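Asker: Predicted model and sequence follow; I will ask about them next.
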Amino acid sequence: MIEKKLNLFAIDTSSKNVSFSILWKEKFINYNSKKISASDILIYIEKYIKKFSISLKDIDCFVVGKGPGSFMGLRISFSIIKAFSISLDKPIISIGSFFSMAYQFIKKYQKIAILTDARRNLIYGATFYYDGKNLRLEDKEKLYNIFDFVNKRKDYFFITYDEHIREETLKLFPDLNFYSKMVFPKANYILKIAIPYYLKGRFTSLENLKPLYIYTKTCQIKNV
């Protein structure tokens, strides 16, 4: 049972998997699709609100996956969350989208590494550690080349949603423990991660609500 009977709404459009999740009256209502564009997600949000008789004014907090992700996708999700927050006077929580990818494997692995294509022969990489209770971000999202990122983390479990990145990585490190399927950010995991944030009052102000774009002209490679 969820504490305080929270009603939360989460959205993530950082990848080609467009998703939102609603915790409503202690039940999770999830939507995931790789067939629609982020620009269409508001249509499906409205459909689900009507279908499940959800009142947005009774949502306690709005949660958004902040990327790294596509420019257009993140602009759409951030615009939706800002509009809901301002019009309904409700707080926001922003959580890195990579968190939701790592969260899917915490029952099997303690050390998880995530990498995605950042173009120009670079990847975005981040690492996580699960201590049995909490999933902690070890190395935050940064730009690397594949070799430098993986070479220092060969004992990690690796995941990505870019098949060509997985193939390139395994050519360099054929013995790496790299998950065979593509793993995408999902709003239902972001929502679950956000629950303790809400209970502790760890909200994101509008001034600090900033997306992390994968493809940016000003990115510079940063090694650990």
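Answerer: In hand now; what should we look at?
Asker: Residue ranges in this protein under the pLDDT threshold?
Answerer: 1-4, 215-224 (pLDDT under 70).
Asker: Contacts for stretch 118-130, please.
Answerer: 68, 96, 98-99, 102, 106, 109-117, 135-146, 149, 153, 156, 165, 214-215, 219, 221 (C-beta atoms under 8 Å, 6 or more residues apart in numbering). Yep, even glycine has a C-beta here, placed from its N, CA and C like the rest.
Asker: Can you select the buried ones from those in PyMOL?
Answerer: Here is the PyMOL command that selects the buried residues among these (16 or more other C-beta atoms under 10 Å):
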select buried, resi 68+96+98+99+102+106+109+112+113+114+115+116+117+135+139+141+142+143+144+145+146+149+153+156+165+214+219
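Asker: Next step: the contacts of stretch 118-130 restricted to strands.
Answerer: Of the contacts of stretch 118-130, the ones assigned to strands by DSSP state E are 111-117, 135-144.
Asker: so where's the longest helix in this structure?
Answerer: helix 71-88 (DSSP state H).
Asker: elements contacting it?
Answerer: strand 8-12, helix 41-51, strand 61-65, strand 92-95 (3 or more C-beta pairs under 8 Å, 6 or more residues apart in numbering; DSSP states H and E).
Asker: so which of these gets nearest residue 209?
Answerer: When these are compared by C-beta to C-beta, strand 92-95 sits nearest residue 209, at 5.8 Å.
Asker: before we move on, back to that, just checking the distance from the longest helix of the chain to the centre of its chain.
Answerer: 15 Å (C-alpha atoms, centre = their mean, to the nearest Å).
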